[in-house]
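Engineer: pasting a predicted model and its sequence here:
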Amino acid sequence: AQPAGSMETPEVPAATYERRVVRSGAEHHYLRVRLELPDGGARPSVAQFKQLVVSALRELHGEVGAALPVDVLTYEEKTLSAILRVISSGLVKLWSALTLLGFYQNRRCAFRVLQTSPFLLALSGNSRELVLD
């Protein structure tokens, strides 16, 4: 028997948490990249840029890597910036090949991956590049 005036508190079941990792079902991934050439010099054309991406894949992953379908959707020769499209299963291969590339025409270079997303629209604007009046 409970003493008068005291209430029994009902037992609350312990909260359970379940971790779920959802992989994107997107067919493609998009990367905004910039090629850095510290010593200046000639800038690659869009064809040379695409060839540089393919050679980076070949250097790290061999002929199988070089066969990975990568599209250059946009390329700005002035800033050496591009948006690349790759099948989602090849994202890690492309990213690692670009990261490890160190030379273009016997000159030091580096690829910087600025953004990546399964949605092209996500790369259309970058809040870090906004110019506020």
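Structural biologist: Cool, the structure landed. Note that the structure is predicted; figures quoted are calculated from it, not measured. Residues are numbered from 1 along each chain as shown.
Engineer: tell me where the chain has strands.
Structural biologist: Remark: strands assigned in the chain by DSSP state E are 28-36, 70-76, 81-87, 103-104, 107-108, 110-117.
Engineer: quick one: terminal-to-terminal distance for stretch 112-124?
Structural biologist: One end of stretch 112-124 sits 17 Å from the other (CA to CA, to the nearest Å).
Engineer: burial count for V86?
Structural biologist: V86: 22 surrounding residues under other CB atoms under 10 Å. The way it works is simple: take the backbone N, C-alpha and C, and place the C-beta from them, glycine included.
Engineer: again with L101
Structural biologist: Neighbours of L101 (other CB under 10 Å): 19.
Engineer: quick check: it vs A14, distance?
Structural biologist: Here the criterion is CB to CB, to the nearest Å. By it, L101 lies 51 Å from A14.
Engineer: by how many degrees do the longest helix seen in the chain and strand 70-76 diverge?
Structural biologist: Longest helix in the chain, counting residues (DSSP state H): helix 46-66. Orientation check (axes from the mean of the first three to the mean of the last three CA atoms, to 10 degrees): helix 46-66 against strand 70-76 gives 160 degrees.
Engineer: and for helix 46-66, what are the contacting residues?
Structural biologist: Outside helix 46-66, the residues within contact range by CB atoms under 8 Å, 6 or more residues apart in numbering are 35, 44, 68, 70, 72, 75, 77, 80, 82, 84, 93-94, 96-98, 100-101, 104, 111.
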